[in-house]
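Trainee: Sequence and predicted structure, then a few things I'm wondering about:
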Amino acid sequence: MKDIIKPIAVLACICLVVTAVLAYVNMVTSPIIKAAEEEAAAKARSEVLTEAKDFEMIKNVKLPEGVTEAYKGSGNSGYVFMMTQKGYGGDIRLICGIRNDGTIEAVKTLGHSETSGIGSRVVDNAGGYSKNYEGKTAENYESVDAVTGATISSKAYKKAIGTAFDAYKIVKEAA
């Protein structure tokens, strides 16, 4: 009986120690990771709406499904929307800057899990697909062609842009 209990007790102790260490590491790194994410989001907001010097989060407005956050840029420069849309490989997280005149200044991918080499051509910031949306309005953004072989990812990207325009209309009316 001793031969069975001793290995179980040792293994249980090892598991407890490892769990405690992981919990401690998570406790220490969680605020650092959150601060880095907030800094990256602030930088991304500045990149998609360059005229704005700072941003004010829009609260108390019911945003369309898929739009996670909305910000108003300073100086009547426009709005920034953070969106999440289901792509082929998982969620695609985008940020879109829409000028006050209703045109897209820029779109940037914040995160994705699309297939490397295929769907990633749509969401890769260096790939250039997002540039197709620059200057587009709610009336003509759907004219952007899908990337060949990445139809699901392209449709998800376009749907996210559509929800950004829906959110733009809502916050513009609420202002």
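Mentor: Received the coordinates, thanks.

Trainee: Tell me where the protein has strands.
Mentor: 55-57, 67-73, 78-86, 91-99, 104-111 (DSSP state E).

Trainee: E142 is nearest to which of the ones you listed?
Mentor: strand 104-111 (12.6 Å; C-beta to C-beta). C-betas here are computed from N, CA, C, even on glycine.

Trainee: Please enumerate the helices of the chain.
Mentor: 2-48, 120-123, 151-174 (DSSP state H).

Trainee: closest to M57 out of those?
Mentor: Closest among these, using C-beta to C-beta: helix 2-48, at 10.2 Å.

Trainee: Confidence-wise, which helix or strand of the protein is lowest on average?
Mentor: Sorting the helices and strands of the chain by mean pLDDT, DSSP states H and E puts helix 120-123 at the bottom, at a mean of 64.

Trainee: Rounded mean pLDDT for stretch 83-99, please.
Mentor: Here stretch 83-99 scores 88 as its mean pLDDT.

Trainee: buried stuff in that stretch?
Mentor: 83-85, 87-89, 92-99 (16 or more other C-beta atoms under 10 Å).

Trainee: and the end-to-end length of it?
Mentor: 17 Å (C-alpha to C-alpha, to the nearest Å).

Trainee: so M57 touches T68, yeah?
Mentor: No: counting by C-beta atoms under 8 Å, M57 does not reach T68; the two are 11.2 Å apart.

Trainee: how far away is the spatially most central residue of the chain from T84?
Mentor: Nearest to the geometric centre of the chain sits R93, at 2.7 Å (C-alpha atoms, centre = their mean). For R93, the distance to T84 (C-beta to C-beta, to the nearest Å) stands at 5 Å.

Trainee: Also K155?
Mentor: 15 Å.

Trainee: D166: what's it in contact with?
Mentor: 64, 67 (C-beta atoms under 8 Å, 6 or more residues apart in numbering).
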